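J.: coordinates for the following, if possible.
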Amino acid sequence: MQRFTRLTAVAVPLAQKNVNTDAILPARFMRRPRDERYPDYLFHDRRFLPDGSENPDFVLNRTPWRGARILIGGSNFGCGSSRETAVYALRDYGFRALIAPSFGDIFAANCIRNGVLPVRLEEDVVARLRDIAASGALAEMTVDLEAQRVSAPGHPPVRFEIDPFDRECLLGGLDDIDVTLREETAIARFEVDYKAEFAWLYRRGR
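T.: Reported below is the predicted structural model:
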């Protein structure tokens, strides 16, 4: 998993509350392979018109937000069914940080496992940051995980809290397998001791 330490990038405002995982990645794309087309599935039914052309009214189809890597959403972002593919679509598009007053719990956990930082801030602070991002010219912000701080033009830095273990995983680029392998020596020792104690389980012919 790619490490997350500090990101300075364009932030895109998406004010709607209760954006669910089906809006992030429509269910019909869930069985598609995770290949170079995956970024196109993100917010597909909002980004594209029925004829397949871009929807000019959707913010990700407009300058300067087309290449955004930070998303500033509304409360309960990522609610609904617990599909990790929604995070795949965000990550493959290029998003590394999401800022919102709250997230769906499973969605937020899936973000951490895929190198995407979910930042929870007070609703009024998120609203001000969205307004700054919406100005276009001032859309670039910084999310600093080491300092646990979000900085935006014309706004004082804002500290955010994060679970220490989640922070460690993101800073170190550790997924669940990496975390398990840190205990490889202890696991190997357990296996040796277990086989010695229960040798009868490993006798030939059983």
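J.: could you use CA atoms for every contact and neighbour count after this?
T.: Fine.
J.: residue 63: neighbouring residues, count only.
T.: Neighbourhood size, residue 63 [other C-alpha atoms under 10 Å]: 11.
J.: make sure it is indeed in a helix.
T.: No - note on residue 63: no helix contains this position according to DSSP: H, G, I helix; E, B strand; the rest coil, which reports coil.
J.: please tell me the pLDDT value assigned to it.
T.: pLDDT for residue 63: 90.
J.: can you tell me how far residue 139 is from residue 15?
T.: Distance of residue 139 to residue 15, given as C-alpha to C-alpha, to the nearest Å: 15 Å.
J.: residue 197 now?
T.: 59 Å.
J.: the more surrounded of residue 139 and residue 15?
T.: residue 139 (23 against 18).
J.: contacting residues for that one?
T.: 10, 11, 12, 64, 65, 132, 133 (C-alpha atoms under 8 Å, 6 or more residues apart in numbering).
J.: report the buried residues of the lengthiest strand in the chain.
T.: The strand spanning the most residues in the chain, taking DSSP state E as the definition, is strand 6-13. Going by neighbour count (16 or more other C-alpha atoms under 10 Å), the buried part of strand 6-13 is 6, 7, 9, 10, 11, 12, 13.
J.: so in terms of bridging, what pairs with the second one?
T.: When bridges are taken as DSSP bridges, the partners of residue 7 come out as residue 143.
J.: who are the neighbours in contact with it?
T.: Applying C-alpha under 8 Å, 6+ apart, we find residue 7 in contact with 96, 142, 143, 144.
J.: pretty sure the second one contacts residue 153?
T.: No - shown here, residue 142 and residue 153 do not form a contact pair, counting by C-alpha atoms under 8 Å, at 9.4 Å.
J.: which of those two has more neighbours?
T.: For the pair residue 142 and residue 153, the greater number of neighbours falls to residue 142 (19 against 15), based on other C-alpha under 10 Å.
J.: roughly how far out does the helix or strand of the chain with the lowest mean pLDDT sit from the chain middle?
T.: Every helix and strand of the chain was ranked by mean pLDDT, DSSP states H and E. The lowest is helix 176-181, at a mean of 77. Averaging C-alpha positions (C-alpha atoms, centre = their mean, to the nearest Å) puts helix 176-181 19 Å from its chain's average.
J.: so where's this structure uncertain?
T.: Applying pLDDT under 70 to the predicted model, the residue ranges of the chain that meet it are 138, 205-206.
J.: show me the strands in the chain, by range?
T.: With DSSP E as the criterion, the chain has strands spanning 6-13, 70-72, 97-100, 117-120, 140-144, 149-152, 155-159.
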